[in-house]
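> I'll drop the sequence and a predicted model, then ask my questions.
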Amino acid sequence: MEENLSLHERSWWGFRSINFLSDDYLYEDLISQIFLRLPVKSLLRFRSISKSIYHMIENPNFIRMHTFQSRKRVIFRHRHLDELVEKDFEDFFTSHSEDELPLDGSLSKYTGIPVLKFPVSGFDIDIVGSCNGILCLFGSRTGISLWNPSIKRKLTLPYYPSWLDTNKSCKTAVGFGYEQITHDYKVLTITSPVSRQDTQSRHSILVYSTNLGSWNEIAPPRTCFTHVISRACFIHGALHWVVKHYQDQSDKTGHLFILTFDLSTRVFGKILLPEPNYETRHLAIINGSLAVISTQNELNLIRVNERVQ
């Protein structure tokens, strides 16, 4: 029934669903609970059953609940080197369910797991964020795209404007998250000078709203920082980055802290790193809490901040 839905079956589902949704809330809730357990491909087909079913499936709350109930998947990035010719090959990605994780390092566990094919091509395409099953892809030549691999849909964002575009010594960091109040997916870019000696140039910060379909420039944070160190980490409605700030050109070490941006209030914030912070270059989410990953003498130290809400 999932693969080929006959006309009789379509009529039965359509008739019953219309009656259920219009006559009794109990039936409406029952239908919703049934549909929450269906795969995405089936839901896309069932949208044509009736207007009631269509609006239920397209409802942001239904999409959010379906995402939370769906089987979680983990994406691995593979990077390999041909030692004979000392040449890097193009990275590739694979998607795994939690019971497919090859934690023992055995290559045999990858048998039958296809390579994740991105809808855009480029030597430097990378996943810079993910939220509710949607991946944010970024490449220096292809720009920014939002892609849902479950339904094979892609949204290519318009080129992000910046007054720093002509400066080749700048670098752009990208963050991606979901704003629950307005049901809006947002992308934030921070363009900063690469050189740590350039402590005077301001940052160019832009926010893209999928609801509005456009970029808007916002004022940089009052908290000074030189450049972004880590990838963005989205948790509790806010984006988080590890950033470094140099006081002046004589400052050889600089200091690290976490820069935050609340997608609802559009306000930047600052979180001090736990001491000793060593060399912190990565953030992660562990059991719903923000975690920092530091390195000291080739030893990785992971600390979880359960108080960040």
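Received, thanks. From a predicted model like this one, the values you see are computed outputs, not experimental measurements.

> okay, strands next: where are they in the stretch 201-309 of the chain?
Using DSSP state E, counting those that start in this stretch, the strands assigned to the stretch 201-309 of the chain run over residues 204-209, 214-218, 227-228, 233-235, 238-245, 255-262, 267-271, 279-286, 289-296, 299-305.

> partner strands of the fifth one and their direction?
Just to be clear, that refers to strand 238-245. strand 227-228 (antiparallel), strand 233-235 (antiparallel), strand 255-262 (antiparallel) (DSSP bridges).

> redo the ones you listed as JSON lines? Include mean pLDDT and mean neighbour count.
In short, each C-beta sits where N, CA and C put it, glycine included. Below are the strands paired with strand 238-245 laid out as JSON lines (pLDDT from 0 to 100; neighbours: other C-beta atoms under 10 Å):
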{"stretch": "strand 227-228", "mean pLDDT": "87", "mean neighbour count": "22"}
{"stretch": "strand 233-235", "mean pLDDT": "94", "mean neighbour count": "20"}
{"stretch": "strand 255-262", "mean pLDDT": "92", "mean neighbour count": "20"}
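
> rebuild these as JSON lines, extending it with distance to Ala173.
Formatted as JSON lines, the strands paired with strand 238-245 follow (distance: least, C-beta to C-beta, whole Å):
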{"stretch": "strand 227-228", "distance to Ala173": "4"}
{"stretch": "strand 233-235", "distance to Ala173": "12"}
{"stretch": "strand 255-262", "distance to Ala173": "10"}
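
> which residues sit in contact with the most centrally placed residue in the chain?
Closest to where the C-alpha atoms of the chain average out (C-alpha atoms, centre = their mean) is Ser130, at 1.8 Å. Taking C-beta atoms under 8 Å, 6 or more residues apart in numbering as the criterion, Ser130 is in contact with 75, 136, 176.

> could you flag which of those residues are buried?
Buried residues within the contacts of Ser130, counting neighbours by 16 or more other C-beta atoms under 10 Å: 136, 176.

> now do the contacts for Phe93.
So Phe93 contacts 75-78, 115-116, 118, 127 (C-beta under 8 Å, 6+ apart).

> which strand residues bridge it?
Arg77.

> how much space between it and Ser214?
Counting by C-beta to C-beta, to the nearest Å, the gap from Phe93 to Ser214 is 30 Å.

> what's the burial count for Leu283?
Leu283: 20 surrounding residues under other C-beta atoms under 10 Å.

> where in the stretch 1-150 of the chain is pLDDT low?
The model of the stretch 1-150 of the chain has pLDDT under 70 over residues 1-26, 79-90, 98-113.

> now the helices for it?
Ranges of helices within the stretch 1-150 of the chain are 7-23, 25-35, 40-46, 51-58, 60-69, based on DSSP state H, counting those that start in this stretch.

> and Val242, what does it touch?
Applying C-beta under 8 Å, 6+ apart to Val242 gives the contacts 228-230, 256-259, 273, 280-283, 292.

> try 7 Å
By C-beta atoms under 7 Å, 6 or more residues apart in numbering, the residues touching Val242 are 229-230, 256, 258, 280-281, 283.

> tell me which of those has the lowest pLDDT.
Ranked by pLDDT, the contacts of Val242 bottom out at Thr280 (78).

> quick check, that residue in contact with Ala291.
No - the pair Thr280 / Ala291 is not scored as a contact, 10.6 Å apart, by C-beta atoms under 7 Å.

> the two: which is more packed in?
It is Thr280, of Thr280 and Ala291, that has more neighbours when counted by other C-beta under 10 Å, with 23 against 18.
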